[in-house]
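Enquirer: Coordinates for the following, if possible.
(chains A, B, C and D)
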2 protein chains.
Amino acid sequence: METIALAEVAAVLADPSRAAMCLALLDGRAWTVGELARAAGVAASTASEHVSRLRDAGFVASVKQGRHNYVRIADPRVAELIEHLAQHAGHRPVSGLRSSLRVRKLEYARTCYDHLAGTVGVALRDGMLRTGMVDSGDGLALTGHGRDVLGELGVEVPAGTRRPLLRDCLDWTERREHLAGAVPASVLSRAVAAGWVSRDEHRAVRILPAAREPFGRLGVELSEFS
Amino acid sequence: METIALAEVAAVLADPSRAAMCLALLDGRAWTVGELARAAGVAASTASEHVSRLRDAGFVASVKQGRHNYVRIADPRVAELIEHLAQHAGHRPVSGLRSSLRVRKLEYARTCYDHLAGTVGVALRDGMLRTGMVDSGDGLALTGHGRDVLGELGVEVPAGTRRPLLRDCLDWTERREHLAGAVPASVLSRAVAAGWVSRDEHRAVRILPAAREPFGRLGVELSEFS
DNA sequence: GACACAGTTCGGCGTGCGCCGACGCGTCGG
DNA sequence: CCGACGCGTCGGCGCACGCCGAACTGTGTC
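Expert: Prediction:
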């Protein structure tokens, strides 16, 4: 009974094309069916079938707009699920990930669904802990000082949401933890809106000069990386 | 490159027989290959092949003992991964789950890999929060009072482990959260060792009379349920 | 040493499903 | 109004893989 449900849900991710689409969608943006087809390397008709199946399984949601069909991840929980699965897949083959330039870029700064990851993401976690904005006594918590600094930077702290404010998320390349949750999501959207960073191709993030001051307030010295 | 890894890992869970085996193994015990074959309803030879595949993928570990091969979940992280996946599978079809007697039993008390779940699991979370053993200000934390009570009950609080002491885990039947993590795991193993509860068939847990006093200390009044 | 039994390997069978190309439909642009 | 384009549906092809039974290995039992 319920056992086949697990298999069905896993089967949806078990296809290389659908898996590629899901990983692409982890950047948090809405992709068209055609873009997903190119990303996965299949015909548009095939991609359309895959999107239907992902939608039926509750992994993605889609909205029609003119002649385009925009597809995005249905829910942050789904994004976490896929991240966890990819993480389990990733930590076995140590592989030569650290080679291509594009990967190098992703190592430095990228998005993990709706928050920052990569070197910068890890540094953000370190910085917020070091400056006392976040406390980690068996579970992560935002301190009063943390709330103050975020307020001054114009980052809204969501209230009354079921989503945890702060969660640890094991990093794909760094093999260390970065911050996930409602607060880091809010930090990223503020950073984009304020021109501190810009979202680049795929999941890469470009750090702009304007980031120096606000990121310093968060305990991240960008000059340390280059 | 990395995209096919995700598909490969999902494909391992995508088979109904392997999925059934994994769900069975979530009770935390070591099963023989033959037992898994019967649980999944396939021939022993087929089950053997499935176990090989699960082992290669890092989902299970196996040890040979005499002419038996004992199989268990490789790692708590894997157990959580499967729980998350099953959870995503479960919350769509509302279905008439609440029918059979066996399911009723599982609703009341069962294991979620290595800790208590079901009605009792949820009550444990409520009780430990209400009695001030656990604090939940943006993240769960064990209080000093909590450490004291656990100490008096003979429950060891693991130290120096990477695993979080307390995590929330959304419950399958109750649709509410119960406690996961190192501390709840320790509570369950102590409860079994001390004869407060016994592990029953499948994932069911039988609450014994000796549980009344220690569970009361944890804020759970067993008489409230029957 | 003979037998029973758990597990593994192997060959062969059946089928489910991912793929494409062709076609139809709706939207946008000249 | 007509062509270009994005998307969805359908039919047919081919491969991958889950299944079993038979044979073999290794381990306990009488």
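Enquirer: A:Tyr70 bridge partners, please.
Expert: A:Thr32, A:Val63 (DSSP bridges).
Enquirer: Contacts only, for it.
Expert: With contact set as CB atoms under 8 Å, 6 or more residues apart in numbering or on different chains, A:Tyr70 has these partners: A:30-32, A:62-64. (Glycine included, C-beta is placed from N, CA and C.)
Enquirer: can you pull the contacts of the spatially closest residue to A:His84 that is not a sequence neighbour?
Expert: Nearest non-adjacent residue to A:His84, counting by CB to CB, 6 or more residues apart in numbering or on different chains: B:Leu81, 5.5 Å away. Taking CB under 8 Å, 6+ apart, we find B:Leu81 in contact with A:84-85, A:88.
Enquirer: any idea where the helices of chain A begin and end?
Expert: A:2-13, A:16-25, A:33-40, A:44-56, A:76-90, A:101-108, A:118-130, A:144-152, A:182-193, A:212-217 (DSSP state H).
Enquirer: between these, which one is nearest to B:Ile73?
Expert: For B:Ile73, the closest of the helices of chain A is helix A:76-90, at 12.4 Å, according to CB to CB.
Enquirer: circling back: so which of the contacts of B:Leu81 is surrounded by the most neighbours?
Expert: Highest neighbour count within the contacts of B:Leu81, by other CB atoms under 10 Å in any protein chain shown: A:Leu85, with 23 neighbours.
Enquirer: A:Met133 is in contact with A:Leu218, isn't it?
Expert: Yes. Using CB atoms under 8 Å, A:Met133 is in contact with A:Leu218, at 7.3 Å.
Enquirer: Touching both of these two, which residues are there?
Expert: A:Val149.
Enquirer: And chain A, what are its domain boundaries?
Expert: Domain assignment of chain A by automatic domain parsing yields the ranges A:2-75, A:93-225.
Enquirer: now those as TSV including distance to DNA strand C and mean pLDDT?
Expert: Converted to TSV, those look like this (distance: least, CB to the nearest atom of the strand, whole Å; pLDDT from 0 to 100):
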stretch	distance to DNA strand C	mean pLDDT
domain A:2-75	3	91
domain A:93-225	20	78
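Enquirer: Rebuild those as CSV, extending it with distance to B:Ile73.
Expert: Putting these into CSV (distance: least, CB to CB, whole Å) gives the following:
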stretch, distance to B:Ile73
domain A:2-75, 14
domain A:93-225, 19
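Enquirer: Quick check: residues of chain A near DNA strand D?
Expert: A:32-34, A:37, A:44-45, A:48-49, A:51-52, A:62, A:67-69 (CB under 7 Å from any atom of the strand).
Enquirer: Could you work out the most separated pair of those residues?
Expert: Among the residues of chain A next to DNA strand D, A:Glu49 and A:Arg67 lie farthest apart (CB to CB), at 18.5 Å.
Enquirer: who's more crowded, those two?
Expert: Higher neighbour count among A:Glu49 and A:Arg67: A:Glu49, with 14 against 6, using other CB under 10 Å.
Enquirer: Pull up the gap between A:Ala24 and A:His50, please.
Expert: 12 Å (CB to CB, to the nearest Å).
Enquirer: Return every residue with contacts to both of those two.
Expert: A:36, A:40.
Enquirer: The two: which is more packed in?
Expert: A:His50 (24 against 19).
Enquirer: which residue packs closest to the more buried one, ignoring adjacent ones?
Expert: Using CB to CB, 6+ apart, the nearest residue to A:His50 is A:Arg18, at 5.0 Å.
Enquirer: Same check on A:Cys22?
Expert: Per CB to CB, 6+ apart, closest to A:Cys22 is A:Ile82, 5.3 Å.
Enquirer: most centrally placed residue in chain A?
Expert: The centroid of chain A falls nearest to A:Cys112 when counting by CA atoms, centre = their mean (1.5 Å).
Enquirer: one step back: the residue nearest to A:His50 contacts B:Ala11, doesn't it?
Expert: No. At 11.0 Å, A:Arg18 and B:Ala11 do not qualify as touching, with contact defined as CB under 8 Å.
Enquirer: what about the two, which has more around it?
Expert: With neighbours defined as other CB under 10 Å, A:Arg18 and B:Ala11 compare such that A:Arg18 has more, 28 against 20.
Enquirer: What residues does A:Val12 make contact with?
Expert: A:Val12 neighbours (CB under 8 Å, 6+ apart): A:18, A:53-54, A:57, A:59, B:10.
Enquirer: and the contacts of A:Tyr70, which are buried?
Expert: Neighbour counting by 16 or more other CB atoms under 10 Å in any protein chain shown classes A:30-32, A:62 among those as buried.
Enquirer: List just the nearest of the residues you listed to B:Ala141.
Expert: A:Ala30 (37.9 Å).
Enquirer: pretty sure the closest one contacts A:Val71?
Expert: Yes. At 6.3 Å, A:Ala30 and A:Val71 qualify as touching, with contact defined as CB under 8 Å.
Enquirer: And A:Val9, how far from chain B?
Expert: Distance, A:Val9 to chain B, using CB to the nearest CB, to the nearest Å: 4 Å.
Enquirer: With adjacent residues omitted, what lies nearest to that residue?
Expert: Spatially, and ignoring its direct neighbours in sequence, A:Val9 is nearest to B:Ala89 (4.0 Å; CB to CB, 6+ apart).
Enquirer: So what's the residue count around the one you found?
Expert: Applying other CB under 10 Å, I find that B:Ala89 has 22 neighbouring residues.
Enquirer: can you pull the contacts of it?
Expert: Applying CB under 8 Å, 6+ apart, the residues near B:Ala89 are A:2, A:5-6, A:8-9.
Enquirer: Please identify the buried residues of stretch A:41-56?
Expert: Within stretch A:41-56, judged by 16+ other CB under 10 Å, the buried ones are A:42, A:47-48, A:50-51, A:54.
Enquirer: Show me the beta-bridge partners of the residue nearest to the centre of chain A.
Expert: Applying DSSP bridges to A:Cys112, the residues it is bridged with are A:His115.
Enquirer: Return the most buried member of the helices of chain A.
Expert: helix A:16-25 (a mean of 23; mean count of other CB atoms under 10 Å in any protein chain shown).
Enquirer: Kindly export that one (C-alpha atoms) in CSV.
Expert: Extracted as CSV, the C-alpha positions of helix A:16-25 are listed here (Å, rounded to 0.1, in the frame of the first residue of the first chain):
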residue,chain,number,x,y,z
PRO,A,16,18.4,11.3,-15.7
SER,A,17,16.4,13.9,-17.6
ARG,A,18,14.0,14.7,-14.8
ALA,A,19,16.9,14.7,-12.3
ALA,A,20,18.8,17.3,-14.5
MET,A,21,15.6,19.4,-14.6
CYS,A,22,15.2,19.3,-10.9
LEU,A,23,18.8,20.3,-10.2
ALA,A,24,18.5,23.2,-12.7
LEU,A,25,15.3,24.3,-10.9
